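Undergrad: Need a 3D model of the following:
(chains A, B, C and D)
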Number of protein chains: 2
Amino acid sequence: MGKIMDRRQKKTRDLIFKAFIGLLSKKHYNQITVGEIIEHANVGRATFYAHFETKDFLLKNLCEELFGHIFDCTKTQPTHNKYIFDCNAPSSVFLHLYQHLEKNDNNILRLLSCPNNELFLKYFKDCLISLIESQLNIFDDKRNKEIPLNLWINHIAVTFVETIRWWLDNGTKQSPQTMTNYFLALV
Amino acid sequence: MGKIMDRRQKKTRDLIFKAFIGLLSKKHYNQITVGEIIEHANVGRATFYAHFETKDFLLKNLCEELFGHIFDCTKTQPTHNKYIFDCNAPSSVFLHLYQHLEKNDNNILRLLSCPNNELFLKYFKDCLISLIESQLNIFDDKRNKEIPLNLWINHIAVTFVETIRWWLDNGTKQSPQTMTNYFLALV
DNA sequence: TATTTTATTGAACGATATGTTCGGTATTGA
DNA sequence: TCAATACCGAACATATCGTTCAATAAAATA
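TA: A predicted model of the protein is given here:
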């Protein structure tokens, strides 16, 4: 994973990712072939399989690369989030996520709004859940104690994911702050 | 769709559906082959393709068959729902859906809790959205007018779907009434 | 019942995709 | 400079797809 990579390795890895992303934004995951990927990446067939066991693993690795560091910077120091984000509002983590997305690092938006966005939103949700678990106190005032805890956590995560989906479907016109307000109003 | 069917047609159609459901509860949709389906259904290859253009169409038809009538009975007389369900509570439609699922007609539960449940929950959500659009007044008291309408409707649908997912994951131990309460508390 | 219509069968086919192998080449890092 | 290693790319066996067709069996109709 974090191993030091030969320049060549990193280069072809990036080429494959880039080609894959390009294809994902055009056609459905299921009908993308390895042949197409290596053609667009301009990479040998054997090379592809030297890097990725399977198309599914390619997807998994791509998700880790894309979302990994977004959530990393919220997790590495879970108890100090407020200060990291230089903000005391309880919603800072979520505001920060909207802002991060708006910056569109690594073309994440392109993937989250493409026909295959389910693939990524699902992965995104899994990351979110562990984040929310560590930030649960934020929602204490909104919680109905009747509701089972894991149902509640899941509901928060899903609500957040759906605000993002809606945001993207509507052209990302709203500000991160507005989206945070929508999110908090819904939950 | 509703055409009169030759006995043979209905028979093979059911055999294929049954085989498909059996496979869906064992392995991932993507790695189910037409070959496996016809083998388990004990049906000729050409016969399969005479019924279904594609595996994707098979899935679509299965969804329509499974969910079609559940939602049909809520839609055919949209203005009279209260009386159909013999209940005056505004939540009756949703209570009725939980009850319907609990009866487990057509092994719907098996599909909604299998590893492929995303496939069905997604379809279920789409049906839900049009149902909710026709029942929106039920949620008038809970709605924050700041929130865009389609975001709001989507949120209600997703919340309902997620309560079902949670219900199934936890063994369907709660009563439909309890689930309705959870749902209304979340939304 | 006799006849016509329709559905199923199963083998065979071409096309496409998969994942692997291997000898040769080019790049890298020390 | 040189040893290690990543890439190439063609070839291969295997698997799945979706279609075709002539033969057979079952249902609908008269």
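
Undergrad: Tell me where chain A has helices.
TA: Secondary structure of chain A (DSSP state H): helices at A:7-24, A:34-41, A:45-51, A:55-75, A:81-84, A:92-103, A:108-112, A:117-133, A:149-169, A:176-186.

Undergrad: how about these in a markdown table, adding mean pLDDT?
TA: Shown next, in a markdown table, are the helices of chain A (pLDDT from 0 to 100):
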| stretch | mean pLDDT |
| --- | --- |
| helix A:7-24 | 97 |
| helix A:34-41 | 98 |
| helix A:45-51 | 98 |
| helix A:55-75 | 85 |
| helix A:81-84 | 38 |
| helix A:92-103 | 91 |
| helix A:108-112 | 89 |
| helix A:117-133 | 93 |
| helix A:149-169 | 97 |
| helix A:176-186 | 96 |
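
Undergrad: Of all the ones you listed, which one comes closest to B:Phe183?
TA: Proximity to B:Phe183 (CB to CB) singles out helix A:149-169 among these, at 10.0 Å. For glycine as for every other residue, the C-beta is placed from the backbone atoms N, C-alpha and C.

Undergrad: what residues are up against the residue in chain A positioned nearest to DNA strand D?
TA: Using CB to the nearest atom of the strand, A:Ala46 is the residue of chain A that sits closest to DNA strand D, at 3.0 Å. With contact set as CB atoms under 8 Å, 6 or more residues apart in numbering or on different chains, A:Ala46 has no partners.

Undergrad: if we can go back for a sec, format the helices of chain A as JSON lines; extra columns: distance to B:Arg110.
TA: Below are the helices of chain A laid out as JSON lines (distance: least, CB to CB, whole Å):
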{"stretch": "helix A:7-24", "distance to B:Arg110": "31"}
{"stretch": "helix A:34-41", "distance to B:Arg110": "33"}
{"stretch": "helix A:45-51", "distance to B:Arg110": "36"}
{"stretch": "helix A:55-75", "distance to B:Arg110": "25"}
{"stretch": "helix A:81-84", "distance to B:Arg110": "42"}
{"stretch": "helix A:92-103", "distance to B:Arg110": "36"}
{"stretch": "helix A:108-112", "distance to B:Arg110": "32"}
{"stretch": "helix A:117-133", "distance to B:Arg110": "22"}
{"stretch": "helix A:149-169", "distance to B:Arg110": "22"}
{"stretch": "helix A:176-186", "distance to B:Arg110": "32"}
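
Undergrad: Those residues of chain A touching chain B, which are they?
TA: A:30, A:118, A:122, A:144, A:146-148, A:150-152, A:154-155, A:158-159, A:162-163, A:165-166, A:170, A:181-182, A:185-186 (CB under 8 Å from any CB of the partner chain).

Undergrad: Number of residues surrounding A:Asn61?
TA: For A:Asn61, the neighbour count with other CB atoms under 10 Å in any protein chain shown is 19.

Undergrad: Per-residue confidence at the closest residue to it other than its chain neighbours, what does it come out as?
TA: Computed as CB to CB, 6 or more residues apart in numbering or on different chains, the closest residue to A:Asn61 that is not its neighbour in sequence is A:Phe52, at 6.7 Å. pLDDT for A:Phe52: 97.

Undergrad: Is A:Phe52 in contact with A:Leu59, as I believe?
TA: No - using CB atoms under 8 Å, A:Phe52 is not in contact with A:Leu59; the gap is 9.1 Å.

Undergrad: need the residues of chain A near DNA strand C, please.
TA: Contact residues (CB under 7 Å from any atom of the strand) of chain A with DNA strand C: A:Asp6, A:Arg7, A:Arg8, A:Thr33, A:Val34, A:Gly35, A:Arg45, A:Ala46, A:Tyr49, A:Glu53, A:Thr54, A:Lys55.

Undergrad: Would you write a ChimeraX line that selects the buried entries of these?
TA: Those of the residues of chain A next to DNA strand C that count as buried under 16 or more other CB atoms under 10 Å in any protein chain shown are selected in ChimeraX with:
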select /A:55
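
Undergrad: Show me which pair in the residues of chain A next to DNA strand C is furthest apart.
TA: The largest separation in the residues of chain A next to DNA strand C, counting by CB to CB, is between A:Arg7 and A:Thr33 at 27.9 Å.

Undergrad: on that earlier part again, just give the number of residues close to the residue nearest to A:Asn61.
TA: Neighbours around A:Phe52, by other CB under 10 Å: 20.

Undergrad: Quick check: which of the helices of chain A is nearest to B:Leu23?
TA: That would be helix A:55-75 among these, by CB to CB, at 18.6 Å.

Undergrad: How far off centre is that closest one?
TA: For helix A:55-75, the separation from the chain centroid amounts to 7 Å (computed by CA atoms, centre = their mean, to the nearest Å).

Undergrad: now what about it, what contacts it?
TA: Residues outside helix A:55-75 that contact it (CB under 8 Å, 6+ apart) are A:16-17, A:20-21, A:29, A:32, A:34, A:37, A:52, A:81, A:84, A:93, A:96-97, A:100, A:105-106, A:108, A:111, A:119-120, A:123-124, A:127, A:130-131, A:134.

Undergrad: For ChimeraX, write a command that selects the buried ones of these.
TA: Remark: buried members of the contacts of helix A:55-75, expressed as a ChimeraX selection using 16+ other CB under 10 Å:
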select /A:16,17,20,21,29,32,37,52,81,93,96,97,100,106,108,111,119,120,123,124,127,131
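
Undergrad: what does chain A put close to DNA strand D?
TA: Proximity of chain A to DNA strand D (CB under 7 Å from any atom of the strand) is limited to residues A:6, A:8-9, A:11-13, A:42-47, A:50-51.

Undergrad: of those, buried ones?
TA: In those, the ones that pass as buried (16+ other CB under 10 Å) are A:Thr12, A:Arg13, A:Val43, A:Thr47.

Undergrad: which residues does the third one contact?
TA: If a contact means CB under 8 Å, 6+ apart, then A:Val43 has A:Thr12, A:Leu15, A:Ile16, A:Ala19 as its contacts.
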